[in-house]
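Visitor: here's my sequence, what's the structure:
(4 chains)
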2 protein chains.
Amino acid sequence: MPTENPKPTPSVDEVDTRYLETLVGYNARRAALAVIGVFMERMAEYDLRVVDFSVASLILHNPGITSRQLCSALGMLPPNLVSLVNTLEKRRLITRRPHPNDGRASGLHPTPEGAALMRAAESAASELEFVASSRLTVAERKTLLRLLKKIYL
Amino acid sequence: MPTENPKPTPSVDEVDTRYLETLVGYNARRAALAVIGVFMERMAEYDLRVVDFSVASLILHNPGITSRQLCSALGMLPPNLVSLVNTLEKRRLITRRPHPNDGRASGLHPTPEGAALMRAAESAASELEFVASSRLTVAERKTLLRLLKKIYL
DNA sequence: TATTGTTATACTCTATAACTATA
DNA sequence: TATAGTTATAGAGTATAACAATA
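Guide: Coordinates of the predicted model:
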């Protein structure tokens, strides 16, 4: 009878991630973190975090938007938006004006400086898209965006 | 001459998110958060957070894997893995054994109970995939996974 | 000298409760 | 009574520095 040692405390040579890679959530999270990592580095030039960029971009394209609307659009909670908006205001990138129909709310508006900064930041972001999806064809990138929207919309 | 009031502090009716929706990072993050939100609720039954599931799944499929290998595979930092592994060990879901080739490391192995739990959890996760991607055809889901991998690999 | 695992700790992000001013 | 915005605070997640044991 030959030597038998069926389970000799094995070591792992190469990690098998095949199961996790079958999950949409795992892949979407990895992809998001990869893209956003590059995005963060690039936006440091404008002193904008990812969430600052998102908020300021929505204000640029939706002048008069309220904090509540920003929270709904971006899935964040009102208390976590307060200091962010305050900082943008102190940097003179946005201003608050009284809301025309609702005395409780403020309308958020880009300043000329804020609009200029965001146009530059959005240009940089759009350039980055080509880097981030450099291994995708234009058609594949379009398909990816379409399928991702079908997941979360 | 009619009344003119070209910029009367507008209010926003419906938020225009079209620019952000052109960005892969924005869409991937939204999709990941949507899927993972459902995932978290479902995994509460097994008392597993997303990261617990990922670690335990890798241990199941890679018996003998080290902490260092887990960190590399999941993009997390060693200090943040310590208490997670300790908790899995205290729950008797995994055990540590001496690494065969490296006295500094421990090999992590699933216990029979841990393997049984993870097989159940993985079944639930795979079922959830059909819910999460219910608006996608099978072919679309396959395409989505392929394109996401091309982004982060 | 470099690496594995660990402790301690700091920083960021996210979540909850409670308050005010207005609808 | 309900909602917008705010404050304070708690909790989760992520980050760095430094150490002991081993390679």
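Visitor: do a quick rundown of the strands in chain A.
Guide: Ranges of strands in chain A, per DSSP state E, are A:94-98, A:106-110.
Visitor: ok, the closest residue to residue A:15 other than its chain neighbours - contacts?
Guide: Nearest residue to residue A:15, sequence neighbours excluded (Cβ to Cβ, 6 or more residues apart in numbering or on different chains): residue B:73, at 4.5 Å. Just so you know, the C-beta spots here come from the backbone N, C-alpha and C atoms, and that holds for glycine as well. Residues near residue B:73 by Cβ atoms under 8 Å, 6 or more residues apart in numbering or on different chains: A:15, A:17, B:58.
Visitor: how far away is residue B:73 from residue B:62?
Guide: Separation of residue B:73 from residue B:62 (Cβ to Cβ, to the nearest Å) stands at 9 Å.
Visitor: how about stretch A:53-72, does it get close to DNA strand C?
Guide: No: judged by Cβ under 7 Å from any atom of the strand, stretch A:53-72 stays clear of DNA strand C, getting no closer than 10.0 Å.
Visitor: out of the strands of chain A, which is closest to DNA strand D?
Guide: Checking those against DNA strand D by Cβ to the nearest atom of the strand gives strand A:106-110 as the closest, at 4.9 Å.
Visitor: for stretch A:64-81, the averaged confidence score.
Guide: Mean pLDDT, computed over stretch A:64-81, is 98.
Visitor: is that stretch in proximity to DNA strand D?
Guide: Yes: for stretch A:64-81, a contact with DNA strand D is found by Cβ under 7 Å from any atom of the strand, at A:66, A:67, A:68, A:69, A:78, A:79, A:81.
Visitor: find the nearest non-adjacent residue to the fourth one, please.
Guide: Read that as residue A:69. By the measure of Cβ to Cβ, 6+ apart, the closest residue to residue A:69 outside its immediate chain neighbours is residue B:15, 5.3 Å from it.
Visitor: how about the helices in chain A?
Guide: Along chain A, the stretches classed as helices by DSSP state H are A:24-43, A:50-61, A:67-74, A:78-90, A:112-132, A:138-152.
Visitor: CSV please, covering the ones you listed and showing distance to residue B:113.
Guide: What follows is these, written out as CSV (distance: least, Cβ to Cβ, whole Å):
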stretch, distance to residue B:113
helix A:24-43, 24
helix A:50-61, 40
helix A:67-74, 41
helix A:78-90, 39
helix A:112-132, 42
helix A:138-152, 34
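Visitor: wait, which of those is closest to residue B:147?
Guide: Among these, the nearest to residue B:147 by Cβ to Cβ is helix A:138-152 (4.4 Å).
Visitor: and the contacts of the closest one?
Guide: A:24, A:28, A:129, A:133, A:136, B:21-22, B:24, B:27-28, B:30-31, B:33-35, B:132-133, B:135-136, B:140, B:143-144, B:147-148, B:150-151.
Visitor: which residues touch the residue of chain A found nearest DNA strand C?
Guide: Going by Cβ to the nearest atom of the strand, DNA strand C is nearest to residue A:103 of chain A, at 2.6 Å. Under the criterion of Cβ under 8 Å, 6+ apart, residue A:103 has no neighbours.
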